[in-house]
Structure formats: C-alpha cells, structure tokens
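J.: Predicted coordinates and the sequence they were generated for:
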Amino acid sequence: MPWHYLARSMRGYPVRPPESGIARRKSIWERIHLDPWLLGLLLVLMGSGLIVLYSASGQSIDAVIAQSVRFCIALVVMVIIAQFSPSTFLRFAPLAYGIGVAMLVAVDVFGDVGMGAKRWLVIPGVIRFQPSEMMKLAAPLMVAAYLNRCELPPRLRDILVCGVIIGVPVVLTAIQPDLGTSLLVASAALIVVLLAGLSWRLIGFITALGAAGVPVLWMNMHNYQRQRVLTFLNPESDPLGSGWNIIQSTTAIGSGGLWGKGWLQGTQSQLEFLPERHTDFIIAVLGEEFGLVGMLVLLCLYLLIVSRGVWMASAAQDTFGRLVAGSIILTFFIYVFVNMGMVSGILPVVGVPLPLVSFGGTSSVTLLAGFGILMSIHAHRRLLSR
C-alpha cells in the first residue's frame, strides 16, 4: 500500500486502496450479509438459554422444543431481513409504523385477554402474537427516518414531532395495560433522538418535563402497578403477597453462592417457590444452579454481544444507519439491565424477559429481526475516501 494511503489510514480515515486488477473474492458471510462473530455469540446465548429453560420449565422437553422452533423461526427472519438494504428500511419505516399502530388499535378493540391484560391478537389455529413487540422496532425506525430528513442536531420543533411519533404507540401500549413494554418502546425511540445529538439545554428541558410528568403517571397507574413500585421500595412489607416474587428471586440467587447448587438441583425453582421462573425470573434459576460464576459468564456473553453491536453501529456511514443501529444495540442492553435489575431487587418488577433466554416467541423474533437490521446496515456500508 502506498505511503500516503497508510498515513491516511493511521489518522483514522477510511480509505480504499488503489485497484490492483484482482477482485477480492467475497466470503460466504459477506454474500449472505451476516456477521459471523455476532451470529456465533447469539447462537451460544440461545443454546445456553435452552439449557436453563429445561430446568426452569420443570424439565419439560416440550418447552425446550417449542422454544427451539421459535428460535429457528427468529433466525430465518433475521437472515431474510439482513438481505434488504438500509434504504429499504428507510422507505418502508412509515408503513411499518402505521401497521403497528393499527394493530395496537385492533388489540384495544378485539384483542385476546390474558392474565388481566389485553395485549395479544389471535388468528385461531395459526398464531398468537403481541403487536406491541413490533413497535420496539417500528417506532425507532420511524423516528430515525424522520430525523434523517432534518438538520442535525434536531431543533425543538423536530423533537416535538418525534415526541408525537413516540407518544402514540406508548399510550396505546400503556392502556392495555403493559407499562413495561410501553417504557421499552419509549426507550428504543428516545435513544434515536439522543444519538441524533441534543444540546444540554434541551436535555435539561426534557428531563424537567419528564420529572413533572411523574405525578401524572402515578395517578394514572393501575393499583397493581403502584404496588410494584411500593414493593420495590420495601418488599418485606407484604412478603406473602406483592413482595413474594422479589423475595424468592433474591433468595434463589443468594443461595446459589459462588458455584451454584448444580444443574436441575435448585430448590427454589424445582420446588416451585420461584414464580414465573421460565420467563421473567429465569436468571434467578441460573443464579441458584450455576452460582455467581454462571451469572458472570452470562453477563460477559451479553457484554460481548453489545460490544460487537456497538462496533458495528459505529462503522455505519450514514445518519439513518447510525441512528437505527445504535438504537437497536443500546435497547438490547437496556433489556438485559432492566431484567437483571428487577430480579435482583434494584429496579421495580415491570415484566421484561431476559433476551433470548426467557421463554417467549414474539420477543425472540423481534430481537433477532433487530439484529438482522443491524447486520444489514453493517454489510451495506461503503468505505469512503476523504
């Protein structure tokens, strides 16, 4: 490589070396637009999740098979989505957002009720899915598509428009009621706004506005949602009622010690003291059976995925790609942080599953669809010379 190209690369400029007349042969991963490192980490995470799920589900092979089928479907969706260019996502973002909002309205009208909430749409004999999961991708895509046409950093007018875009699905999700998912939808979309660049003045204004809205939110929360917050502050106030979940989860994690009690040997989980042990509280099962070491291994796996995703997002070379990629990987980090926080007692219980470990179909498809978009953005990047 000529010296002036090497000097430019050392200064951090992406350069394209002079054509040598010999075309570099693309690897299989480049041809199918997948990142082998990220894919490998995701497969390891899903495999680990199936091992923990077998124990958490009471050694039910049916649950493991059902989850495996869902993972396979999610992987197919990820591969298909990765084949589309970022310009396709930009063009169809308004359509995806509109369909998502329409389905949220449909849930309110004739959705299926489960566990006291109306959150699902059901096609009898075909599928049962949660449209609010779709908005975790559709909302940030729509916000990024809007900001892509604006001058950055965004002005107050643009932020207000983004607030409306975010507010519609958040309100429709919150009234189901599903406060946890509504907060995640809001977080995913707000990350796009933050990544677009905000002045400290606007950040202070938005923070003050959010703080002022807390009393309004509290007054409009359902009784069980208020009780969750109060239980978070003092779980021992109702140890056999609202405090049961967090007390049992922290007991399970603490009893695991350093190395754990062994796979399938957890008493809190196997004797069914631990509630929702195959969904929201599955990491308590892991902590009891594999101990602190097992939890640290899982945490390192998540950190490797996030680190790889952040690196891929930083390599994006257009505004839309950077905003969407950054939102996808940082939202994934928020899922992990919120789940671990609520199970360990440092956050209120809001019903957020542990990504690709907890039992669930719609959330797995949504997560891997997001990683498909991330891989597409990375695969379609171009090296630009300055």
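T.: Now that the structure is in, tell me what you want to look at. Numbering: from 1, shown residues only.
J.: how close does the most centrally placed residue in the chain sit to Val69?
T.: Taking CA atoms, centre = their mean as the criterion, Phe332 is the residue nearest the geometric centre of the chain, at 3.5 Å. In this view, Phe332 and Val69 are 22 Å apart by CB to CB, to the nearest Å. Using the backbone N, CA and C atoms, a C-beta is placed for each residue, glycine as well.
J.: Which residue, other than its chain neighbours, is closest to Val52?
T.: In space, Val52 comes closest to Leu286 once its chain neighbours are excluded; the distance is 5.0 Å by CB to CB, 6 or more residues apart in numbering.
J.: how about the one you found, what does it touch?
T.: Shown in contact with Leu286 (CB atoms under 8 Å, 6 or more residues apart in numbering): 52, 294-295, 298, 357.
J.: between those residues, which has the most around it?
T.: Val357 (29 neighbours; other CB atoms under 10 Å).
J.: Which residue ranges of this protein form strands?
T.: When secondary structure is read from DSSP state E, the chain shows strands at 112-114, 117-123, 127-129.
J.: which stretch in those is the model least sure about?
T.: Set side by side, the strands of the chain show their lowest mean pLDDT on strand 112-114, which sits at a mean of 66.
J.: quick one, domains of this structure?
T.: When the chain is parsed with automatic domain parsing, its domains come out as 45-83+235-380, 89-221.
J.: of those, which approaches Lys26 most closely?
T.: domain 45-83+235-380 (10.4 Å; CB to CB).
J.: what does the average pLDDT come to for the closest one?
T.: This predicted structure assigns domain 45-83+235-380 an average pLDDT of 87.
J.: And the residue nearest to Val306 when sequence neighbours are not counted, how far from Leu354?
T.: On the basis of CB to CB, 6+ apart, the spatially nearest residue to Val306 that is not a chain neighbour turns out to be Phe333, at 5.0 Å. Distance, Phe333 to Leu354, using CB to CB: 13 Å.
J.: out of the two, which sits in the busier spot?
T.: A direct count of neighbours by other CB under 10 Å for Phe333 and Leu354 places Leu354 higher, at 26 against 17.
J.: so the more buried one sits right up against Asn339, yeah?
T.: Yes: assessed by CB atoms under 8 Å, Leu354 is found in contact with Asn339 at 4.5 Å.
J.: what's the neighbour count on Met221?
T.: Residue crowding around Met221 was assessed by other CB under 10 Å; the count is 16.
J.: Show the contacting residues for Ser132.
T.: When contacts are taken as CB under 8 Å, 6+ apart, Ser132 is in contact with 104, 107, 119, 169, 172-173, 176, 178, 181-182, 185.
J.: can we see that at 7 Å?
T.: Residues near Ser132 by CB atoms under 7 Å, 6 or more residues apart in numbering: 104, 119, 173, 178, 181, 185.
J.: how near is it to Ala211?
T.: Distance of Ser132 to Ala211, computed by CB to CB: 26 Å.
J.: can you check Glu272 too?
T.: Noted for Glu272: a distance of 41 Å to Ala211, by CB to CB.
J.: circling back: the residue nearest to Val306 contacts Ile305, doesn't it?
T.: No: the pair Phe333 and Ile305 does not pass the contact test of CB atoms under 7 Å, sitting 9.0 Å apart.
J.: What residues sit buried inside stretch 189-197?
T.: Under the neighbour-count criterion of 16 or more other CB atoms under 10 Å, stretch 189-197 has 189-193, 195-196 buried.
J.: now, which of those residues sits nearest Val350?
T.: When the buried residues of stretch 189-197 are compared for distance to Val350, the smallest value, 16.4 Å, is given by Leu190; criterion: CB to CB.
J.: Can you report how many residues lie near the closest residue in space to the closest one that isn't next to it in sequence?
T.: Closest residue in space to Leu190, ignoring its immediate chain neighbours: Ile166 at 6.7 Å, by CB to CB, 6+ apart. Here the number of neighbours of Ile166 (other CB under 10 Å) works out to 23.
J.: do the same with the one 4 residues further on
T.: If you count neighbours by other CB under 10 Å, Val170 ends up with 25.
J.: List the residues that contact it.
T.: Residues counted as contacts of Val170 (CB under 7 Å, 6+ apart) are 182, 185-186.
J.: Now tabulate those in JSON lines and tack on distance to Phe84 and pLDDT.
T.: What follows is the contacts of Val170, written out as JSON lines (distance: CB to CB, whole Å; pLDDT from 0 to 100):
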{"residue": "Ser182", "distance to Phe84": "28", "pLDDT": "87"}
{"residue": "Val185", "distance to Phe84": "22", "pLDDT": "91"}
{"residue": "Ala186", "distance to Phe84": "26", "pLDDT": "91"}
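J.: Which one (most neighbours) among those residues?
T.: That'd be Val185 among those, by other CB under 10 Å, with 29 neighbours.
J.: Please tell me how far that one sits from Leu172.
T.: Applying CB to CB, the value for Val185 to Leu172 is 10 Å.
J.: Thanks a lot, see you next time.
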